[in-house]
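**Student:** no sequence on this one, just coordinates:
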C-alpha cells in the first residue's frame, strides 16, 4: 500500500510538472528578453543581433533588448549568459569564436561551449574580406603573398577575434608559410581605424564591417573568403580563385540560451527565429552585407557547431596554436 501511494504521488508530481512546463511555454514571453552580444557595437555579430532582435520583438510581442558585453573574444559575454537563469529570458548571440574556436585558443573559459547552453538556432553566415591599406604596393592576393615572403616580418595584420586569427593561420599554411606580425583587436572598429591610419597593413575582417571602407575606396580589397564571388562586389575574386584551393571560410552567428532552458521554450524561440529569418525583409537586409540567413532546426545547428569545432581544432593544432 505504501509503495502504491508513493507511486501515485510520483505520477501526480510528474503530471503537474509537465503541466507547469506547458503553461510556462504558452505564457512565454511575458516580459522583455535580454540578448547578450559578446562583442563591441558595430561589428558583424552586433549588426546581425540587432537586426534579428528588432523583428523578433514584433513576432514574440515582447521587446528583445541587446546588451553588449565584449571582451576576451566573446568569452566574457558568453560566460555571463551561461550563468544567467535558464528561464528563456536571457539569450546570447554566439559565433564561430565563442562556440568553435575559443576552446582551442584559451586556457581558461568560464563556460563550456557544449554543456553551458541550449542552442536556439543558427542565424547567419557571412564571408570575410582580405583588405590592405592602399599604400601597400599589392593589388592581388598573390602579390601580397610574394611581398610578405620578400619582406618577412615587416607586415602587420590585424584580427578582431580568435576565429579570424585562425582563419589567417589557415591561409598562411596554404600559402606555404607567410610571416606577418599578428596584432589582435577587441573588435573590428579599432582594427579598421588602425588599418586606415597605417598602423597595420593587412586585415581579414567580416564583410559587413569592412565593406563600407571598400566602397569608399579607403581600403583595397584583394579577395573574399567564400566559395563563390559576391553579387555585391563581383569584381573581387575568391581566395580559391586566387590560387589557394579549399579555402572556404565564413563568419557565422547563432542564438543560445543557458543550459536547462525548458525545451518547449527553446522550440518556441526556434520557430519564431525561423519565421523571421525566412522573410524577404530579413533576406534583403542581410544581403546588404552579404550575409545569408539560416532558418535551421536546433539539431542542425548542433551538428554544425560540432563540425566547426573539429575543423578549427585541427587548424589550431597544425598551426601550433597553444591555449593561453
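**Tutor:** In hand now; what should we look at? Small disclaimer: the values here were computed from a predicted structure and weren't measured. Residues are numbered from 1 along each chain as shown.

**Student:** ok, the lengthiest strand in the chain: who's next to it in the sheet?
**Tutor:** Longest strand in the chain by number of residues (criterion: DSSP state E): strand 117-132. Strand 117-132 pairs in its sheet with strand 202-206 (antiparallel), strand 220-224 (antiparallel), strand 250-258 (antiparallel), strand 292-293 (antiparallel), by DSSP bridges.

**Student:** so which of those gets nearest residue 28?
**Tutor:** With Cβ to Cβ as the measure, strand 250-258 is the member of the strands paired with strand 117-132 nearest residue 28 (11.3 Å). (Each C-beta comes from the backbone N, C-alpha and C, glycine too.)

**Student:** after the closest one comes which helix or strand?
**Tutor:** Next in sequence after strand 250-258, counting helices and strands by DSSP states H and E, comes helix 263-277.

**Student:** Could you check the angle that following helix makes with strand 250-258?
**Tutor:** 150 degrees (axes from the mean of the first three to the mean of the last three Cα atoms, to 10 degrees).

**Student:** still on that earlier bit, may I see the buried residues of the longest strand of the chain?
**Tutor:** By 16 or more other Cβ atoms under 10 Å, the buried positions in strand 117-132 come out as 117-132.

**Student:** just stretch 56-65 next, same as before
**Tutor:** Buried-residue list, stretch 56-65, by 16+ other Cβ under 10 Å: 56-57, 60, 62, 64.

**Student:** Give me the residues contacting it.
**Tutor:** Identification of contacts with stretch 56-65 by Cβ atoms under 8 Å, 6 or more residues apart in numbering yields 29-35, 53-54, 91, 272-273, 275-276.

**Student:** got any ranges where the protein has weak pLDDT?
**Tutor:** 1-25 (pLDDT under 70).

**Student:** Please, where are all the helices along it?
**Tutor:** For the chain, the helices defined by DSSP state H cover 2-27, 44-60, 75-82, 96, 102-105, 141-150, 162-174, 188-197, 207-216, 263-277, 280-287, 298-319.

**Student:** Indicate which one of the ones you listed is closest to residue 243.
**Tutor:** helix 141-150 (6.0 Å).

**Student:** what distance separates that closest one from the middle of the whole chain?
**Tutor:** Between the mean C-alpha location of helix 141-150 and the chain-wide mean there is a distance of 29 Å, by Cα atoms, centre = their mean, to the nearest Å.

**Student:** Stretch 153-172 too?
**Tutor:** Chain-centre distance of stretch 153-172: 17 Å, with Cα atoms, centre = their mean.

**Student:** List the buried residues of that stretch.
**Tutor:** Buried residues in stretch 153-172 (16+ other Cβ under 10 Å): 155-172.

**Student:** Between the two ends of it, what distance do you get?
**Tutor:** By Cα to Cα, to the nearest Å, the extent of stretch 153-172 from end to end equals 13 Å.

**Student:** which one of the buried residues of stretch 56-65 sits closest to residue 291?
**Tutor:** The closest of these to residue 291 turns out to be residue 56 (Cβ to Cβ; 16.4 Å).

**Student:** Specify the beta-bridge partners of the most centrally placed residue in the chain.
**Tutor:** In the chain, the residue lying closest to the centroid (Cα atoms, centre = their mean) is residue 95, at 2.4 Å. Legend: beta-bridge partners of residue 95 under DSSP bridges are residue 253.
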